[in-house]
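> here is a sequence together with a model predicted from it:
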Amino acid sequence: MLAQAQLDQHRRAEEQRKAAAAAQARYEREQRAAQRAAAQGQREALRAYQQAREADAARRTAELDDRVADLRRILAQGLAGPAFRLAELRRAAEPAPFDPGRLGVPVPLPDQSWYHVVPPTEQQLYDPRIRREYEDRIGHARARFEHDWYAAQAAEQQRLGQLAEYRAQYESWAAEQRRAAAAQAEPARRLEAELGAGSAAGVAQYFETALAWRGDWPDDVPQECAARWEPGERRLVVDQQLPEPSIVPALARYRYVKVDDREAEMPRSATERKEVYREVLAQCALRVLSELHRADADGLLDSVTLNGYVLAPDPATGQSGRRFLLTVTVDRDTFRALALDRVEPVSCLVDGLGGRLSARPEKLQAVPVGATADPAALPAEPAAPAPAPAYEGSADGEEPDLFLMDPLVFEELVAELFRRRGFVTRTTARSGDQGVDVVAEDPDPITGGQIVIQAKRYRGRVDPTAVRDLDATRVHHGANKGILVTTATFGKGSRDWVKGKPLTLVDGAQLVDLLHEHGLRGRLGVRPARGRRTPAQPLAPGQNTVLPSTELAELTVSFSAAGADADLTLLLLAADGRVRGDEDFVFYHQPSTAGGAVALGRRTVAGAVATETAVIRPAALPAEVHRIAVSVNMDTESDADCGQLRDARLEVSGAAGAGWSFAPPADPGISAMLVAEVYRHRAGTADEVWKLRAVGQGWADGLAGLARAHGVDVE
């Protein structure tokens with residue numbers, strides 16, 4: 001009996017064991033099925049993302065193709081339009097209706113079903129571990145849904161704002177169009193009277209008006225012209241402005257590269273750009289001649305001389321002026337015998353009409369012209385602006401702040417610096433510079449050559465990609481050397497990358513020294529307060545102090561340390577200790593916020609000690625900002641930690657000269673640290689004051705952890 005009882009007990013235990021094993025096996029199968037479904041979802045999401053990137057690249061390529069196609073249809077579009085008549089000027093046309101385009105499509109909100117989590121079986125829910133994992137997955141899914149929902153809401157609000165701005169722009173444009181149409185009636189009557197009287201000026205003005213009447217030319221095609229009427233020969237001489245070479249897109253297509261998730265830009269060949277540009281010039285000339293003859297309802301024209309020019313600097317002298325790229329003279333019968341809808345534009349202009357077209361218009365190679373319109377009738381050419389002396393300092397002798405300097409003036413300052421160092425320099429145009437701001441020539445016959453210079457008026461630290469792009473730019477231009485000049489700083493990775501390459505990096509501190517060395521002026525950020533300052537009051541960790549109201553007009557924060565690179569970061573926090581949005585995160589990629597109430601300043605390096613500054617103006621902060629977290633994080637290009645900082649010191653200086661200092665701990669377990677806080681005490685009351693607290697709290701996961709702890713959305 002005892003043996004039988006033992007056997008029954010063993011059998012029951014075995015059955016329980018098998019049931020538990022079967023339940024565990026079912027759970028594992030379900031887990032694997034859920035994982036397979038999740039992996040499949042991830043693969044499908046990745047595939048959808050890549051397809052979206054490919055579609056975007058294809059769309060942008062199609063836009064380039066459409067742009068070139070529009071340029072090739074200039075003549076055909078002109079032939080399809082109506083001929084000009086004076087009566088058209090007296091007819092007020094209603095502007096085209098408002099078309100919101102893509103802004104008219106609302107941003108779709110996420111569906112909760114997209115975030116469904118497969119629940120375990122009822123029996124599995126009795127297992128605390130399975131229940132906890134299930135609840136964690138539910139929480140993560142809910143968090144993802146809320147994040148996506150708020151992001152979609154923000155995108156929708158941005159769309160509505162852009163739509164409202166676009167509609168306001170349209171209404172302003174439409175009102176201007178209506179005013180212009182109404183204002184045409186009276187000049188049209190006067191012009192009609194002058195034509196009836198046989199006035200030469202009236203005839204010239206009539207044909208100028210005919211050329212300016214059609215507004216369906218492609219973008220960037222100028223319509224400025226001047227005409228002169230010769231009654232004796234019944235000849236009209238027209239000088240017509242033509243588009244510049246940059247009208248032809250420099251890129252041929254975009255291509256999405258899956259391997260490294262980037263979009264590659266495929267350039268258009270120089271041969272194709274030249275071919276398209278010559279065709280554009282020829283089509284513009286033929287269309288102008290066509291519109292002139294079609295507008296000649298009274299048979300005034302026996303012949304037309306057309307000169308086409310661009311306004312551009314002369315490559316030899318650098319002086320701005322007209323560069324004539326084509327000229328043609330054609331009589332009425334010859335032109336009207338052409339079948340313009342079937343001609344090849346360049347052959348028609350050059351071979352059919354005997355005109356002259358520049359062989360290298362992309363290089364602004366001019367052609368000789370004979371008769372031209374009266375220069376007094378031409379629209380005033382843009383005068384070359386006088387060199388702005390902004391970099392010479394203000395009238396009271398104060399050095400200009402390079403951070404606030406106009407970008408073009410900054411480029412001129414860099415060009416002047418290298419000019420004073422013995423180079424022949426020139427700045428490039430605002431657009432089409434292909435990554436070059438200043439070109440310098442070293443006149444030395446042995447070691448000299450071309451140098452390309454990029455001038456970047458940045459704060460914080462220059463991104464390493466900009467440094468790597470410098471070498472590609474140098475090679476593209478065939479230069480001997482590349483120089484990147486900035487008001488910011490460079491990280492260790494950037495300086496290591498240029499070693500052994502014909503590249504030079506000039507940071508903000510070096511730039512200021514070079515300017516002063518060569519008699520030029522410039523400073524980085526807020527200049528030091530003048531006069532005697534009181535010694536800085538040291539603060540212990542956790543200690544706080546009231547900031548006197550006399551110091552609050554401007555607080556200057558300075559963090560200095562040796563041993564490793566660290567970046568100063570500031571966060572504007574609400575009463576709950578979190579940022580209101582990403583705009584409250586001030587770091588090297590976003591150097592200021594709140595209208596400049598909090599802004600990063602200069603970064604200098606003296607020996608082994610690097611110092612970075614910031615400015616806080618408490619009176620200018622919004623009322624909902626209760627504190628500013630002053631933090632430092634280690635250089636993201638390295639794996640350094642705060643334990644490598646030597647002689648770290650934070651100083652806060654007030655507007656009237658008072659100062660406070662704090663030596664944060666050197667903790668090797670963290671890579672980002674909240675060093676101090678400037679905060680409102682008794683906020684919103686009559687007794688409100690601003691206080692400073694020394695903190696020294698750190699995060700092991702660096703800048704991301706610091707940002708996440710204060711509510712910044714970190715991808």
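Received, thanks. Keep in mind that what you see is a predicted model, and the values were worked out from it rather than measured. Residues are numbered from 1 along each chain as shown.
> quick one: least confident helix or strand in the protein?
Averaged element by element with mean pLDDT, DSSP states H and E, the chain has its least confident helix or strand at helix 86-89 (a mean of 67).
> burial count for Gly703?
Slight slip there: residue 703 is Leu, not Gly. Neighbours of Leu703 under the rule other C-beta atoms under 10 Å: 22. All C-beta atoms are positioned from the backbone trio N, CA, C, and that covers glycine.
> ok, and the closest non-adjacent residue to it?
Beyond its immediate neighbours in the sequence, the residue positioned closest to Leu703 (C-beta to C-beta, 6 or more residues apart in numbering) is Asn633, lying 4.2 Å away.
> so that neighbour sits in a helix?
No. Assessed with DSSP: H, G, I helix; E, B strand; the rest coil, Asn633 is strand; it does not lie in a helix.
> give me the neighbour count for it.
Taking other C-beta under 10 Å as the neighbour definition, Asn633 ends up with a count of 24.
> show me what it bridges to in the sheet.
The partner list for Asn633 in beta bridges (DSSP bridges) reads Asp567, Ala672.
> hmm, back to that, after the least confident helix or strand of the chain, which helix or strand is next?
Scanning the chain past helix 86-89 towards its C-terminal end, the next helix or strand to appear is helix 128-183 (assignment: DSSP states H and E).
> point out where the stretch 451-600 of the chain drops to low pLDDT.
By pLDDT under 70, the weakly predicted segments of the stretch 451-600 of the chain are 460, 525-534.
> let's see that with 80 instead.
Across the stretch 451-600 of the chain, the stretches falling below the confidence threshold (pLDDT under 80) are 458-461, 463, 517-519, 524-535, 588-590.
> hey, where'd the strands end up in it?
In order along the chain, the stretch 451-600 of the chain carries the following strands (DSSP state E, counting those that start in this stretch): 481-486, 503-506, 537-539, 544-547, 555-562, 566-573, 585-586, 592-593, 598-606.
> the second one pairs with which strands, parallel or anti?
Sheet pairing of strand 503-506 (DSSP bridges) gives strand 481-486 (parallel).
> pull the CA atoms of the partner strand into CSV?
The C-alpha coordinates for strand 481-486 follow below in CSV (Å, rounded to 0.1, in the frame of the first residue of the first chain):
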residue,chain,number,x,y,z
LYS,A,481,44.9,74.2,-49.8
GLY,A,482,41.7,74.6,-47.9
ILE,A,483,41.1,76.8,-44.8
LEU,A,484,38.0,76.8,-42.6
VAL,A,485,37.7,80.0,-40.6
THR,A,486,35.0,80.2,-37.9
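> next one: it to chain centre, how far?
Relative to the centre of its chain, strand 481-486 is centred 20 Å away, using C-alpha atoms, centre = their mean, to the nearest Å.
> what lies in contact with that strand?
414, 449, 451-458, 462, 466-467, 470-471, 473-474, 502-508, 511 (C-beta atoms under 8 Å, 6 or more residues apart in numbering).
> how about TSV for the strands of the stretch 451-600 of the chain, with distance to Arg72 and mean neighbour count added?
Putting the strands of the stretch 451-600 of the chain into TSV (distance: least, C-beta to C-beta, whole Å; neighbours: other C-beta atoms under 10 Å) gives the following:
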stretch	distance to Arg72	mean neighbour count
strand 481-486	37	23
strand 503-506	41	18
strand 537-539	71	15
strand 544-547	67	15
strand 555-562	58	21
strand 566-573	51	24
strand 585-586	48	24
strand 592-593	46	19
strand 598-606	49	21
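> could you point out which of those sits nearest Asp401?
Asp401 sits nearest to strand 598-606 of all the strands of the stretch 451-600 of the chain, at 9.5 Å, using C-beta to C-beta.
> after the closest one comes which helix or strand?
Counting by DSSP H and E, what follows strand 598-606 is strand 609-616.
> by how many degrees do that next one and strand 566-573 diverge?
Counting by axes from the mean of the first three to the mean of the last three C-alpha atoms, to 10 degrees, strand 609-616 lies at 20 degrees to strand 566-573.
> average pLDDT for strand 609-616?
Summarised as a single mean, pLDDT over strand 609-616 is 88.
> now stretch 20-40
81.
> can you mark which positions in it are buried?
Along stretch 20-40, these residues count as buried under the neighbour rule (16 or more other C-beta atoms under 10 Å): 27, 30.
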